[in-house]
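Visitor: Dropping a prediction and its sequence here:
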Amino acid sequence: MEREIDRFVRYLAVEKGLSDNYQLSVRRSLETFADWLEEEHGVDDPSRVKLDHLTGFLASRKLHDRLAASSLRVELIAIKIFFRHLAGRGKISEDVAEQVDSPKLEKYLPETLNEPTVKQLLESVDDSRPLARRDRAILELLYASGLRVSELTGARLENLFLEESAIRVTGKGNKTRIVPVGGAAQKALEAYLNGERPQLVSRHTGSEIFLSKWGKKLSTTRIWQIVKERAKLAGIESNVYPHLLRHSFATHLLGNGADLRVIQELLGHADISTTQIYTHVDQKHLRDVHRKFHPRG
């Protein structure tokens, strides 16, 4: 096993050109399996590995080592590609790993704010205070357009089209998309761009929309701080963070009748399955309403 693992990792490095971190992750997973296999069954030859060995290893990692389903999937993927490689080289007669199903991942429903709480957050910002117009525009845009925090920090003036009520952002995979900007967000942006941003500009200022008091691009960390500070000032006790506004954006659209494919496009999800988690949130809301208001709920 040890010799074959070494060969496989070299194959990942030389022929596949995969990263050092990936190579280390695969090696760690395979060596953990090899150690368990020898200790529990006295097997150190890949050709002697049976289906029961693989399922027993995964069960041990889950029950005794308390690995989460996501971690088990990572280890199983490493084992699967290892045995597939061995089968391709004729080192084993049967790829037993192919028969093992991946552990099902737990579905974590995203947290959301209800519509009154979002309104409380947005309308609590006192525009007369320093940087309040900037912060109001940040909050309005996060909720109105469902932006990721990285998309917000990277948003530039040349990509903002207020007359068309739209903004072009660059998301994951360096993919760009155009997202509508709602009326309230548009007004907040105009107030910030006309009243506050010019005062923040310095010699080193770029074309990023949102600036620090020093005239520099805001970091994602600073956006997190601003959102949390504004939520605290608004008297909201729940944990509020930028992505929570993105979740709320999607959930409220769905709850008010928007098509899931449209929401997928607005969020910039490559796969509809990523967007479908919001249907679970909406179903949970429906169950809660039914339980609360139905006489036999």
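Guide: Right, received. Where do you want to start? Numbers count the residues shown, from 1 in each chain.
Visitor: Hmm, P46 and A34 touching each other?
Guide: No - between A34 and P46 there is no contact under CB atoms under 8 Å: 9.0 Å. All C-beta atoms are positioned from the backbone trio N, CA, C, and that covers glycine.
Visitor: Identify the contacts common to these two.
Guide: M1 (CB atoms under 8 Å, 6 or more residues apart in numbering).
Visitor: what's downstream of the helix or strand containing I81, the next helix or strand?
Guide: Using DSSP states H and E, I81 sits within helix 69-88. Once helix 69-88 ends, the next helix or strand along the chain (criterion: DSSP H and E) is helix 115-123.
Visitor: List the buried residues of that following helix.
Guide: Using 16 or more other CB atoms under 10 Å as the test for burial, helix 115-123 gives T117, V118, L121, L122.
Visitor: re earlier: could you give the mean pLDDT of the helix holding I81?
Guide: For helix 69-88, the mean per-residue pLDDT is 91.
Visitor: for it, packing partners?
Guide: Applying 3 or more CB pairs under 8 Å, 6 or more residues apart in numbering; DSSP states H and E, one finds that helix 69-88 contacts helix 2-14, helix 20-41, helix 51-63.
Visitor: change it to 6 Å
Guide: Packed against helix 69-88 by the contact rule (3 or more CB pairs under 6 Å, 6 or more residues apart in numbering; DSSP states H and E) you find helix 20-41.
Visitor: tell me how far the helix it packs on is from the chain's mean position?
Guide: Distance, stretch centre to chain centre, for helix 20-41: 28 Å (CA atoms, centre = their mean, to the nearest Å).
Visitor: tilt between that helix and helix 51-63?
Guide: Computed by axes from the mean of the first three to the mean of the last three CA atoms, to 10 degrees, the angle separating helix 20-41 from helix 51-63 equals 110 degrees.
Visitor: Identify all contacting residues around helix 20-41.
Guide: Residues from elsewhere that reach helix 20-41 (CB atoms under 6 Å, 6 or more residues apart in numbering): M1, I5, V9, L12, A13, V43, D44, F57, E75, A78, I79, F82.
Visitor: which residues touch the last one?
Guide: To tie it back to what came earlier, the one meant is F82. F82 makes contacts with F8, L30, as judged by CB under 6 Å, 6+ apart.
Visitor: what about it, distance to A166?
Guide: 48 Å (CB to CB, to the nearest Å).
Visitor: low-confidence ranges in the stretch 101-250 of the chain?
Guide: For the stretch 101-250 of the chain, the stretches with pLDDT under 70 are 104-109.
Visitor: Spell out the residue ranges of the helices in it.
Guide: Secondary structure of the stretch 101-250 of the chain, counting by DSSP state H, counting those that start in this stretch: helices at 115-123, 132-145, 149-154, 183-195, 197-200, 220-233, 242-255.
Visitor: buried sites along the fifth one?
Guide: Neighbour counts over helix 197-200 (16+ other CB under 10 Å) mark R197, L200 as buried.
Visitor: Stretch 173-183 too?
Guide: Neighbour-count burial for stretch 173-183 flags V179, V181 (criterion: 16+ other CB under 10 Å).
Visitor: Just the endpoints, please. Distance across that stretch?
Guide: By CA to CA, to the nearest Å, the extent of stretch 173-183 from end to end equals 29 Å.
Visitor: And the contacts of it?
Guide: A144, S145, S165, A166, I167, R168, T170, L266, G268.
Visitor: let's go with 7 Å and repeat that
Guide: Outside of stretch 173-183, the residues within contact range by CB atoms under 7 Å, 6 or more residues apart in numbering are L141, A144, S145, S165, A166, I167, R168, V169, T170, G171, L266, G268.
Visitor: so what's the second one up against?
Guide: Looking back up the chat, that one is A144. If you count contacts by CB under 7 Å, 6+ apart, then A144 has V181, G182, A184, A185 around it.
Visitor: Which residue, other than its chain neighbours, is closest to the first one?
Guide: In space, not counting the residues next to it along the chain, V181 is nearest to S165; the distance is 5.0 Å by CB to CB, 6 or more residues apart in numbering.
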